[in-house]
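J.: Output the structure for:
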Amino acid sequence: MKFAIFANDFAPDWFIVTIPSLQTLTSIRLKLLLKTLFNNLLQCTPQAPFVSETPAIKGKLSVSEVKALVSSLTFVTLSIVRILSSSYETVEPVIVDSTVIVGELCQLGLEKDLAEGFATIFEEYRERLVDWNVKVMTKTPNRLNDFSWRLIMNVMSTSITFDVGEPTTPSTNQKPKGMEVQMNFRVATATPTSKNIAFSADLATFDTLKMELERVRGMMKDNR
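T.: Numbering: from 1, shown residues only. Presented below is the predicted three-dimensional model:
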């Protein structure tokens, strides 16, 4: 089933599996979390510092559940914002208002009071989020020259690094504690030199990036 909140596309499986974690929050707690998330987006600050400290989720979920939950809320928020700011071109016009948001979140399995809580806070921030997205999207981007990546597997109190092409299986006496991907983008600048932009991401964040890139790739392929 396709959803208007995802630009008339399917909901990713990884997003759907985070719904049970959202169900553990009350409507009030979800609203508090969304306000923190939206304010951070508008200020372009990282999500990581607040997710484990906000009273909305402190002590309620594991760290991995919190990261997945925040990534899913960010994903659906940005999807709607980009639709409203016409960042996505669709064959048929996409109408996304509070009624659509509540209805489709409920179809995805979210309880009605939580869906209505999301829609209420989103409406409060709608204009600011759309304006923020338009400003971000209208900036002249740097051109990507090259990129590289590597996997970082945390084992006990240390970490093991796997560069591209290296095996990713730790020895049998080591217990994995989680894995992240580190990516490095080399971009051209206005000057003759170039600069590197490096970041790391957990699985939930990387899934969000993957979904967005797949959507953009489809648009580029259809219009080449």
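J.: Show me what the mean pLDDT comes to for the longest helix seen in the chain.
T.: If you go by DSSP state H, the chain has its longest helix at helix 112-137. For helix 112-137, mean pLDDT rounds to 91.
J.: packing partners for that helix?
T.: Applying 3 or more C-beta pairs under 8 Å, 6 or more residues apart in numbering; DSSP states H and E, one finds that helix 112-137 contacts helix 27-43, helix 63-84, helix 98-107. Where C-beta positions appear, they are placed from N, C-alpha and C, glycine not excepted.
J.: Now the weakest link among those helices, please, by mean pLDDT.
T.: Ranked by mean pLDDT, the helices and strands packed on helix 112-137 end with helix 63-84 at the bottom, a mean of 85.
J.: for the closest residue to Cys106 other than its chain neighbours, what are its contacts?
T.: What sits nearest to Cys106 in space, not counting adjacent residues and going by C-beta to C-beta, 6 or more residues apart in numbering, is Ala115, at 5.1 Å. With contact set as C-beta atoms under 8 Å, 6 or more residues apart in numbering, Ala115 has these partners: Ile101, Val102, Gly103, Leu105, Cys106.
J.: same deal with Ala11?
T.: Ala11 makes contact with Met1, Phe3, Leu108, according to C-beta under 8 Å, 6+ apart.
J.: What is the lowest-pLDDT residue among those?
T.: Of all the contacts of Ala11, Met1 has the smallest pLDDT value, namely 87.
J.: What is the neighbour count of that residue?
T.: Other residues near Met1 come to 7 when the count uses other C-beta atoms under 10 Å.
J.: my guess is it meets Glu104, correct?
T.: No - counting by C-beta atoms under 8 Å, Met1 sits too far from Glu104 to count as a contact (9.3 Å).
J.: So Trp149: helix, strand or coil?
T.: Here Trp149 is strand, with the state taken from DSSP: H, G, I helix; E, B strand; the rest coil.
J.: Show me the protein divided up by domain.
T.: Domain assignment for the chain by automatic domain parsing gives 2-137, 144-222.
J.: Comparing these, which comes out most buried?
T.: domain 2-137 (a mean of 17; mean count of other C-beta atoms under 10 Å).
J.: Relative to the whole chain's centre, how far out is that one?
T.: 9 Å (C-alpha atoms, centre = their mean, to the nearest Å).
J.: Between the two ends of stretch 180-198, how far is it?
T.: 13 Å (C-alpha to C-alpha, to the nearest Å).
J.: With stretch 4-19 instead?
T.: OK, stretch 4-19 end separation, C-alpha to C-alpha: 18 Å.
J.: what's the model's confidence in it, averaged?
T.: Averaging pLDDT along stretch 4-19 yields 88.
J.: Could you report the distance from Ala68 to Ser21?
T.: 7 Å (C-beta to C-beta, to the nearest Å).
J.: again with Gln107
T.: Distance, Gln107 to Ser21, using C-beta to C-beta: 18 Å.
J.: What of Asn184?
T.: 31 Å.
J.: and if you look at Leu73?
T.: Leu73 sits 10 Å away from Ser21, going by C-beta to C-beta.
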